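Colleague: this one's sequence-less:
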């Protein structure tokens, strides 16, 4: 399969999460969006890349080698990757932070998406590295949360994320594009962007919204 990051090039900047979700809906992928509490630390941030997955679970004591799986996962990151992590509902500490963001960026990652918490938000904002998380917490994960696997299929909310799937996130949320559908989804999404631009122009000119919808079936 072609690398859609290279195929799309600058056209990726035309995309947004809602248009990708609409296209995936039309293809029967009704659970493409991650839970709505996963938000970018900065509203203007976008992230688009290939998923590298990490699973962490709550623990009651620090393991013999804390952070081992997390560090192994980060060292495996490559250019264009998005680290997607699940903490299995844990809300008692932060899996992510500024130093891990620094390491991930150095390996070529373009962002991080996690259903758990992050910390060091001010420094992450200063370094302008897109992190999407469910919230903030100052507590370290050591002795509270530990990685158990990376590079495996994970489940976040109603969505499945597999290594190599495409991840797109913006202020509206995060969408998962299955790798096997990417060659179909992205061209359709760009086509829909063009159509939505046309609809927007006609609505701005005062044309009846019912007439416009009847013609384009887009809202």
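Modeller: Perfect, I can see it now. Remember, it's a predicted structure, so these values are computed and weren't measured experimentally.

Colleague: and the lengthiest strand in the chain, which strands flank it?
Modeller: Of all segments of type strand in the chain, defined using DSSP state E, the longest is strand 47-58. Applying DSSP bridges, strand 47-58 is found paired with strand 81-86 (parallel), strand 145-150 (antiparallel), strand 166-170 (antiparallel).

Colleague: average pLDDT for whichever helix or strand comes after the shortest one, rounded please.
Modeller: Tracing the chain C-terminally past strand 166-170 and defining elements by DSSP states H and E, one meets strand 173-177 next. Taken as a whole, strand 173-177 has an average pLDDT of 99.

Colleague: chain center to strand 173-177, what's the gap?
Modeller: In terms of CA atoms, centre = their mean, to the nearest Å, the centre of strand 173-177 is found 6 Å from the chain centre.

Colleague: quick one: average pLDDT of the longest strand of the chain?
Modeller: pLDDT averaged over strand 47-58 gives 99.

Colleague: one more: stretch 204-215?
Modeller: pLDDT averaged over stretch 204-215 gives 90.

Colleague: list the contacts of that stretch.
Modeller: 199, 202-203, 219 (CB atoms under 8 Å, 6 or more residues apart in numbering). Heads up, the C-betas are built off the backbone N, CA and C, glycines and all.

Colleague: what's the answer for stretch 59-73, then?
Modeller: Contacts for stretch 59-73 (CB under 8 Å, 6+ apart): 52, 54, 56, 83, 95, 100, 141-151.

Colleague: which of those residues count as buried?
Modeller: For these, a neighbour count by 16 or more other CB atoms under 10 Å gives the buried set as 52, 54, 56, 83, 95, 100, 141, 144-147, 150.

Colleague: nearest to residue 185 among those residues?
Modeller: The shortest approach to residue 185 among these belongs to residue 52, at 19.8 Å (CB to CB).

Colleague: list the buried residues in stretch 121-132.
Modeller: 121, 124, 129-132.

Colleague: among those residues, which are located in helices?
Modeller: 121, 124 (DSSP state H).

Colleague: Serialize the buried residues of stretch 121-132 to a markdown table and add fields for pLDDT and distance to residue 157.
Modeller: Shown next, in a markdown table, are these (pLDDT from 0 to 100; distance: CB to CB, whole Å):
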| residue | pLDDT | distance to residue 157 |
| --- | --- | --- |
| 121 | 99 | 23 |
| 124 | 99 | 23 |
| 129 | 99 | 24 |
| 130 | 99 | 20 |
| 131 | 99 | 18 |
| 132 | 99 | 13 |
